[in-house]
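>>> Sharing a model that was predicted from the sequence below.
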Amino acid sequence: MKFIHAADLHLDSPFRGLQDLPASLLTQIRESTFTAATKVFDRALAEQVDFVLLAGDLFDRAEQSVAAQAYLIEQFDRLAQAKIPVILGFGNHDYLADQHLSIAYPDNVTVLGPQVTTTTLTLQDGTTVAISGFSYDQRWVDRDPLGDFPVHAATDWHLGMLHGAVATGSGDHYAPFTVAELLAKRYDYWALGHIHQRQRLNENPPVLYAGNTQGRDRTETGDRGAYLVTNQDHRLVPEFFSTAALVWTNPTLALTTPNPTLAEIGDCLTTWLSREPAMTPELVVPTLSLNGALSAAEQAQITSGDWLALFQRTQRRVMQAVKRVVVALRWDSPVGTTAAPQLDTRYWSVGADQVFTPENLQEQFGKLAQEPALADWFADPKTAVTLREEATKLLAALAGEEDDHAS
Ligand SMILES: [Mn+2]
């Protein structure tokens, strides 16, 4: 037996806040979740696996994009032609909503319902496999679902699929469970989803988060992928394979020269970038540690983004050659202060009048405002007032923080 365990494809993630990059690179970034997912399905076909498990968050949003739906149906068709079944459960990002029900996935696809169900497959060599799991039918599943999972069936193998997080004892919204509960089911493998950093919660039987297939922001660094799992002497052995189309990297670069100039910072960045080319194209968000401060004029160039734009333009050839691009700069301490908070307060009350209305809040918070636990609170006219007060406090706190840094 051989299968693939993937999770958290997050198709059509928007990658906000990167609009200053060259158009071709932006396209590559925006397509990266699709490129990564394609590597999962390519591998399934190349290996002629017996089936594919997708453990939730296939789509980035509950209101899936048409592009993401069309893409997935096309990929499932490829697998259908190769007679490869797909078992999928939806997670907290793409929980079962009306639109899922109207989608006609090909016949090789089994969508797990909101209750724990068990699907049994009989492989070509007669091996029988039971697969148990469920889909989220709302954003949060607060209840531990393990009581609903059956114990190991009378099949050769029994696999569990679960999109969730280990229980912490309070505020658990993602199908909270304990590893002991999983092990008590005596399954041969647990295919987990939800946590984007791949990790192993148990060795034998394997209890694994596959992690996401493509990092979505600077906090999701390093390689991403899925597991190819094979039966080796009656044990299921997972082997990680890489799928990331782009890898996020966050180096810390320290400049020891006292009071460095932007030219020196540029040299430092270029040296770091110009190492041997990256295997997978890298989106670099360096944190710069300076010994001293930049001049006021240079600080302004940093704050406006002008300097980074210029650096990207002059270093484009280097960046293309080594497959690394600096997409943003961060600092281990503030590069300087600006008059922004003072300026902002002039526009604050005008903007707040437009933003903090019950109608706008309903629109901004969308589905969240319709959550049973929150709906009454959002409908209350006092909520807009409360939120405005809280936001004003936050603004004041931020301005205070800026002042602190200036001293
Ligand atoms: Mn996810």
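Cool, the structure landed.

>>> switch to C-alpha atoms for all contacts and neighbour counts from now on
OK.

>>> Would you mind splitting this protein into its domains for me?
Residue ranges of the domains in the chain are recorded as 2-242, 250-331, 340-406, according to automatic domain parsing.

>>> right, so of the ones you listed, which gets closest to the ion?
Proximity to the ion, assessed across the domains of the chain by Cα to the ion, is greatest for domain 2-242 (4.5 Å).

>>> picking that back up, now render the domains of the chain as CSV, adding mean neighbour count and mean pLDDT.
CSV is the format used below for the domains of the chain (neighbours: other Cα atoms under 10 Å; pLDDT from 0 to 100):
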stretch, mean neighbour count, mean pLDDT
domain 2-242, 19, 92
domain 250-331, 16, 90
domain 340-406, 13, 70
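
>>> Let's have those domains in JSON lines, adding distance to the ion.
Output for the domains of the chain, formatted as JSON lines (distance: least, Cα to the ion, whole Å):
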{"stretch": "domain 2-242", "distance to the ion": "4"}
{"stretch": "domain 250-331", "distance to the ion": "20"}
{"stretch": "domain 340-406", "distance to the ion": "17"}
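
>>> Quick check: chain neighbours aside, which residue is closest to the spatially most central residue of the chain?
Centrality entry for the chain: nearest residue to the mean C-alpha point is residue 216, 4.9 Å, by Cα atoms, centre = their mean. By the measure of Cα to Cα, 6 or more residues apart in numbering, the closest residue to residue 216 outside its immediate chain neighbours is residue 15, 6.7 Å from it.

>>> Residue 215 versus the one you found, what's the distance?
Going from residue 15 to residue 215 by Cα to Cα, to the nearest Å gives 10 Å.

>>> do the same with residue 260
Counting by Cα to Cα - residue 260 and residue 215 are separated by 33 Å.

>>> Now do the end-to-end distance for stretch 146-160.
Across stretch 146-160, the straight-line distance between its terminal residues is 10 Å, by Cα to Cα.

>>> Oops, could you answer that again for stretch 142-159 instead?
Stretch 142-159 has an end-to-end distance of 23 Å (criterion: Cα to Cα).

>>> Over to stretch 216-230?
29 Å.

>>> In contact with residue 193, which residues?
Contact partners of residue 193, counting by Cα atoms under 8 Å, 6 or more residues apart in numbering, are 6-8, 55-57, 162-164, 209-211.

>>> repeat that with 6 Å
By Cα atoms under 6 Å, 6 or more residues apart in numbering, the contact list for residue 193 reads 7, 55-56, 163, 209.

>>> Can you tell me the closest non-neighbouring residue to it?
The spatially closest residue to residue 193, leaving aside those adjacent along the chain, is residue 163, at 4.4 Å (Cα to Cα, 6+ apart).

>>> Phi and psi next, for the nearest residue to residue 322 once chain neighbours are set aside.
For residue 322, the nearest residue in space outside its immediate sequence neighbours is residue 277; the separation is 3.9 Å by Cα to Cα, 6+ apart. Main-chain dihedrals, residue 277, degrees, to the nearest 10: phi -60, psi 150.

>>> Go ahead and confirm residue 277 touches residue 324.
No: using Cα atoms under 6 Å, residue 277 and residue 324 do not qualify as a contacting pair, with a distance of 7.7 Å.

>>> ok, residue 113 - contacts?
Residue 113 is in contact with 134-135, counting by Cα under 6 Å, 6+ apart.

>>> any idea how far it lies from residue 120?
15 Å.

>>> Residue 331 now?
On the measure of Cα to Cα, residue 331 and residue 120 end up 53 Å apart.

>>> For the stretch 201-350 of the chain, which segments count as helices?
For the stretch 201-350 of the chain, the helices defined by DSSP state H, counting those that start in this stretch cover 262-273, 296-304, 306-314, 316-322, 340-355.

>>> Just want the angle from the third one to helix 262-273.
In this structure, helix 306-314 runs at an angle of 50 degrees to helix 262-273, with axes from the mean of the first three to the mean of the last three Cα atoms, to 10 degrees as the basis.

>>> between helix 306-314 and helix 296-304, how many degrees?
With the same axes, to 10 degrees defining the directions, helix 306-314 sits at 70 degrees from helix 296-304.

>>> could I get helix 306-314 in CSV with only the CA atoms?
Extracted as CSV, the C-alpha positions of helix 306-314 are listed here (Å, rounded to 0.1, in the frame of the first residue of the first chain):
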residue,chain,number,x,y,z
ASP,A,306,11.8,54.2,-1.9
TRP,A,307,15.1,52.7,-0.9
LEU,A,308,13.9,49.1,-1.1
ALA,A,309,12.3,49.8,-4.5
LEU,A,310,15.5,51.2,-5.8
PHE,A,311,17.5,48.3,-4.3
GLN,A,312,15.2,45.8,-5.9
ARG,A,313,15.6,47.6,-9.3
THR,A,314,19.4,47.8,-9.2
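
>>> what's in contact with it?
With Cα under 6 Å, 6+ apart as the test, helix 306-314 has contacts from residue 301.

>>> Distance from the chain centre to it, please.
Helix 306-314 has its average C-alpha position 28 Å from the chain's average C-alpha position, going by Cα atoms, centre = their mean, to the nearest Å.
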